[in-house]
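Student: Turn this into a structure:
(one chain, ligands or ions: 2)
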Amino acid sequence: MLRKRAFSGGVHPPQSKITAHLPIEEVPLPPQVVIPLQQHLGAPAEPLCKAGDTVKIGDKIGEAKGFVSVPCHASVSGTVKAVEPRLHPLGGRVLSVVIDSDGKGEVASSVMPDPDYMQRSAEELRARVREAGLAGMGGAAFPTHVKLSPPPTKPIDTLLINGAECEPYLTADHRLMLEQPREILAGVQVIQKILGCKRVVIAIEDNKPDAIATMRKAVADTGERYEVMSFQAKYPQGAEKQLIKAATGREVPRGGLPMDVGCLVHNVGTAKAIYEAVALRKPLVERVVTVTGPGVRTPKNLRVPLGTSFAHLFAHCGGLTEDAGKIIMGGPLMGIAQFSDEVPVIKGTSGIVVLTQTESRLSDPLVCIGCARCVDACPMKLVPTHIQTLVRHERFAAAKEYGLLDCIECGCCAFVCPAKIPFVHLMKYGKLKVYQLERAAGPKSA
Ligand code: SF4
Ligand code: SF4
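Tutor: Residues are numbered from 1 along each chain as shown. Ligands and ions are numbered 1, 2, ... in the order given. Have a look, this model is predicted:
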């Protein structure tokens, strides 16, 4: 029997899932890819190639530097044109490997299926995940092998597979659950073997009844006792702490991690990529991206080689409309505005949303009227209006005391605020200042 659960706070923006019924299409091979050596949280990878080298799909082109880092791989076959700083969708320029495609799509010999992958040890499976360059595909891009390495003092008893996809417009995870449920579940079995956790919950919002039905049938076919849980469609249901609270009733402590309450959360796309990494020995070289919004002529769900430019995807979607305005990587609430369509798709690019010029216009913020809507909407139980006031007055230590660092930058407060306060901008700025001040003051003050 399906159970419906939710968390406190949150908002109900228009869902606008206009691509939910569209099967994933392969995008035509781009003539060139730009693969940043930093697509994950942690240390950037170091280049392993130089201009003039020839590469095939899956060849390693960047080596992980340190434990919290992952390697990068070629997503097309062809010739390395340059290793140089290029525009990055998270801002600035990042050292990147530029590859001119030869159009052949040749795959490296290292990409070879291993039919006995479930006989491998947990250490071997974890090593394969790392070697494949996996980083969380829900957007956060935290190195997957690190999440799969909890310390012995923090045993994981519950694995949550996140298929909530609560941001408006995005449908990549939805389509993946409909089209590749078996691969997702094979990845779940690998995670379970690595962690030894007993309980598995596959979490899906109740606005995707077809995905719930598909995943339940696929679970039944495996004979596993995984729970497919239906959650009320509410933003940000897919945020880790909110998902854990809704699914298990456990509350991740302030400043803590899911492992502190025996939980681990992986996105459905990451689970599928884990299967491919260990069973097919295929590195993370492509992902599903929803290209959508009123500014895109023909929105689509696309399977895209990493490093493909946004412009190439727009061209495949019939181009942008005359009144296209803001380009956002990710969803409209938590995504990141882009200043160029030449930026590449990276491991965390779940979608690209293009709004119209009217929708993109920023209104001047007014004065707070003390309505407390932001307080009711905050899923982290913060008092956003107070924190933003402290940040504006440069009282960063006080803002931290009031929970600034617990803000997950979901934008619920900004969504409901009649005064149009730019909350997310202020929260990001406040956090940056707190980190800068703590670094400047030395470790004891932290
Ligand atoms: S952006 Fe931060 S303060 Fe605002 S609702 Fe989300 S968690 Fe709360
Ligand atoms: S929602 Fe906006 S106007 Fe209302 S209390 Fe919060 S900051 Fe003030």
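Student: Please compute how far whatever helix or strand L178 lives in lies from its chain's middle.
Tutor: Using DSSP states H and E, L178 maps to helix 172-179. Relative to the centre of its chain, helix 172-179 is centred 15 Å away, using C-alpha atoms, centre = their mean, to the nearest Å.
Student: The helix or strand just after it to helix 172-179, inter-axis angle?
Tutor: Using DSSP H and E, the helix or strand that follows helix 172-179 towards the C-terminus is helix 181-195. Angle, helix 181-195 to helix 172-179, by axes from the mean of the first three to the mean of the last three C-alpha atoms, to 10 degrees: 100 degrees.
Student: Looking at the stretch 101-250 of the chain, what residue ends up closest to ligand 1?
Tutor: Residue of the stretch 101-250 of the chain nearest ligand 1, by C-beta to the nearest ligand atom: P236 (7.5 Å). To be clear about C-beta, it is placed using only N, CA and C from the backbone, and glycine gets the same treatment.
Student: Would you list the phi and psi of that residue?
Tutor: Backbone torsions of P236, given as degrees, to the nearest 10, read phi -100, psi 80.
Student: Give me the number of neighbouring residues for whichever residue of the stretch 101-250 of the chain sits closest to ligand 2.
Tutor: Residue nearest to ligand 2 within the stretch 101-250 of the chain: Y235 (16.1 Å; C-beta to the nearest ligand atom). Y235 has 27 neighbouring residues, counting by other C-beta atoms under 10 Å.
Student: Can you verify my assumption that it contacts E167?
Tutor: Yes: Y235 lies in contact with E167 (C-beta atoms under 8 Å); the separation is 6.9 Å.
Student: okay, S309: pLDDT?
Tutor: The model reports S309 with a pLDDT of 98.
Student: Would you mind naming the residues that bridge with it?
Tutor: Assessed by DSSP bridges, S309 has beta-bridge partners P344.
Student: follow-up on the earlier one: what's the closest non-adjacent residue to the residue of the stretch 101-250 of the chain closest to ligand 2?
Tutor: Among residues not flanking Y235 along the chain, C166 sits closest, at 4.8 Å (C-beta to C-beta, 6 or more residues apart in numbering).
Student: who touches both of Y235 and E167?
Tutor: Between them, Y235 and E167 share these contacting residues under C-beta atoms under 8 Å, 6 or more residues apart in numbering: L333.
Student: re the thing from before, what about the residue of the stretch 101-250 of the chain closest to ligand 1, how many residues nearby?
Tutor: P236: 26 neighbours (other C-beta under 10 Å).
Student: Hmm, C407 and it touching each other?
Tutor: No: between P236 and C407 there is no contact under C-beta under 8 Å: 11.8 Å.
Student: Write out the residues of the stretch 251-400 of the chain neighbouring ligand 2.
Tutor: Within the stretch 251-400 of the chain, the positions near ligand 2 by C-beta under 6 Å from any ligand atom are C368, I369, G370, C371, A372, R373, C374, T385.
Student: Quick check, pLDDT for the fourth one.
Tutor: What it means is C371. If you check C371, the pLDDT there is 95.
Student: In contact with it, which residues are there?
Tutor: Contact analysis of C371 by C-beta under 8 Å, 6+ apart lists P418.
Student: Report whether it is found in a strand, as I expect.
Tutor: No: assessed with DSSP: H, G, I helix; E, B strand; the rest coil, C371 is coil; it does not lie in a strand.
Student: Report how many residues lie close to the residue nearest to Y235.
Tutor: 25.
Student: any idea of the pLDDT on it?
Tutor: 94.
Student: thinking it is in contact with Q232, fair?
Tutor: No: using C-beta under 8 Å, C166 makes no contact with Q232, being 10.1 Å away.
Student: picking up where we left off before, tell me the bridge partners for the residue of the stretch 101-250 of the chain closest to ligand 2.
Tutor: The partner residues for Y235, given DSSP bridges, come to V11.
Student: ok, now which ones touch it?
Tutor: Here Y235 is in contact with G10, V11, H12, P13, C166, E167, P168, L333, C410, C412 (C-beta under 8 Å, 6+ apart).
Student: Which ones among those map onto helices?
Tutor: C412 (DSSP state H).
Student: give me the element A203 is part of.
Tutor: Per DSSP H and E: strand 199-205 holds A203.
Student: which helices and strands does that strand pack with?
Tutor: Judged by 3 or more C-beta pairs under 8 Å, 6 or more residues apart in numbering; DSSP states H and E, strand 199-205 is in contact with strand 158-163, helix 181-195, helix 209-222, strand 227-231, helix 240-248.
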